[in-house]
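> no sequence for this one, just the structure:
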């Protein structure tokens, strides 16, 4: 089959969405299908996947399915608003199920709507779009397992907790730093995209910053941590929770989308004092790695997508 994935940015740009779409594209390609990625920001073809920012390709070529990841961003909205002029079926993957000027035409114009959380399903039912909605799980690659080495920060500082994510306002790094009242070490790591949201830890003896863009480095630090913390205000899912589980690391998270799905496999908190009490106690809930393997690897996601058109 001929499949096109649509996203704002594509690998090797760092980020959860970028890795997610990359994994889907490469898994689809590995199954023998023809794959194109349409992205506003990219660096050319990657690992056999054709990558372009020419939206006219959707008019010039016929695809078995166009998969649009989210709305509210230029490229995705261009496709979804003009869906009636595109001669190929379109699947809209909900990222943030909330009322907005972009999500309503996206749901109306798409041939299929991909839901991954109970909140997604409640949203499409509220607006009577469940008839064309399907379950598509968020996922990570089976290769997102760090090798055990002595090169990570775990060999220098043990134990420690880690917060992973780009330094954006909604990721909550600053708030976590300011609310960190326990003696345990805290590492905050991610790609350095906005200095305004990088915490100042110069006078905090048990807090450290790491600016990492290499996925293997990030996974290795997650594996060595005693607890992964996701302090985001919102997430499309929060794939780092799956990465923690696949690497046998307990997690604690605000009630973001992924935590709703994985609530039986970690600790969901509603305030930083609640988190501090959990960290101080140190009796962490360990998630079931097999649950990730059975439900949240990329081959499952691609199967769910392709089954729609098979």
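Yep, it's here. Note that the structure is predicted; figures quoted are calculated from it, not measured. Numbers count the residues shown, from 1 in each chain.
> residue 43 versus the residue lying closest to residue 111 once chain neighbours are set aside, what's the distance?
Once flanking residues are discounted, residue 111 sits nearest to residue 89: 4.3 Å by CB to CB, 6 or more residues apart in numbering. Backbone N, C-alpha and C define where each C-beta goes, glycine included. If you measure residue 89 against residue 43 using CB to CB, to the nearest Å, the figure is 29 Å.
> neighbour count winner among those two?
residue 89 (16 against 12; other CB atoms under 10 Å).
> pull up the per-residue confidence for residue 150.
Each residue has a pLDDT score; the one for residue 150 is 49.
> what residue ranges in the stretch 51-200 of the chain score low on pLDDT?
147-157, 192-194 (pLDDT under 70).
> can you pull out the helices in it?
57-60, 74-81, 103-109, 118-126, 173-178 (DSSP state H, counting those that start in this stretch).
> which residue ranges form the strands in this protein?
Here the chain has its strands, by DSSP state E, at 2-9, 34-41, 50-52, 65-69, 90-93, 112-115, 133-135, 160-164, 185-190, 207-211, 227-230, 251-253, 267-268.
> which one, of the ones you listed, ends up nearest to residue 100?
strand 90-93 (13.0 Å; CB to CB).
> neighbouring contacts of the lengthiest helix in the chain?
The longest helix of the chain (DSSP state H) is helix 16-30. Here helix 16-30 makes contact (CB atoms under 8 Å, 6 or more residues apart in numbering) with 3, 5, 7-11, 35, 37, 39, 46-49, 67, 69-70, 95, 138-141, 165, 215, 235-240, 298-299, 301-302, 305-306.
> report the buried members of the residues you listed.
3, 5, 7-11, 35, 37, 39, 46, 49, 67, 69-70, 95, 138-141, 165, 215, 235-240, 298-299, 301-302, 305-306 (16 or more other CB atoms under 10 Å).
> quick check: angle from the longest helix of the chain to strand 160-164?
80 degrees (axes from the mean of the first three to the mean of the last three CA atoms, to 10 degrees).
> in helix 16-30, what's buried?
16-29.
> cool, and stretch 201-221?
201, 207, 208, 209, 212, 215, 217, 218, 219, 220, 221.
> can you give me the helices for the stretch 201-310 of the chain?
Using DSSP H, counting those that start in this stretch, helices in the stretch 201-310 of the chain cover 215-224, 239-246, 257-261, 272-281, 289-295, 298-309.
> what is the last one packed up against?
Which is helix 298-309. helix 16-30, strand 65-69, strand 112-115, strand 133-135 (3 or more CB pairs under 8 Å, 6 or more residues apart in numbering; DSSP states H and E).
> go again using 10 Å as the cut-off
Here helix 298-309 touches strand 2-9, helix 16-30, strand 65-69, strand 90-93, strand 112-115, strand 133-135, helix 289-295, going by 3 or more CB pairs under 10 Å, 6 or more residues apart in numbering; DSSP states H and E.
> how far off centre is the longest one?
Distance, stretch centre to chain centre, for helix 16-30: 11 Å (CA atoms, centre = their mean, to the nearest Å).
> and stretch 223-231, by the same measure?
16 Å.
> stretch 227-236 now?
That offset, for stretch 227-236, works out to 11 Å (CA atoms, centre = their mean).
> now that stretch: mean pLDDT?
94.
> which positions within that stretch qualify as buried?
Buried, per 16+ other CB under 10 Å, within stretch 227-236: 227, 228, 229, 230, 231, 232, 235, 236.
> do stretch 105-113 as well
105, 106, 107, 109, 110, 112, 113.
> now do the contacts for the first one.
Contact criterion CB atoms under 10 Å, 6 or more residues apart in numbering gives 71, 77, 80, 81, 82, 83, 92 as the residues in contact with residue 105.
> can you report how many residues lie near the second one?
This means residue 77. 18.
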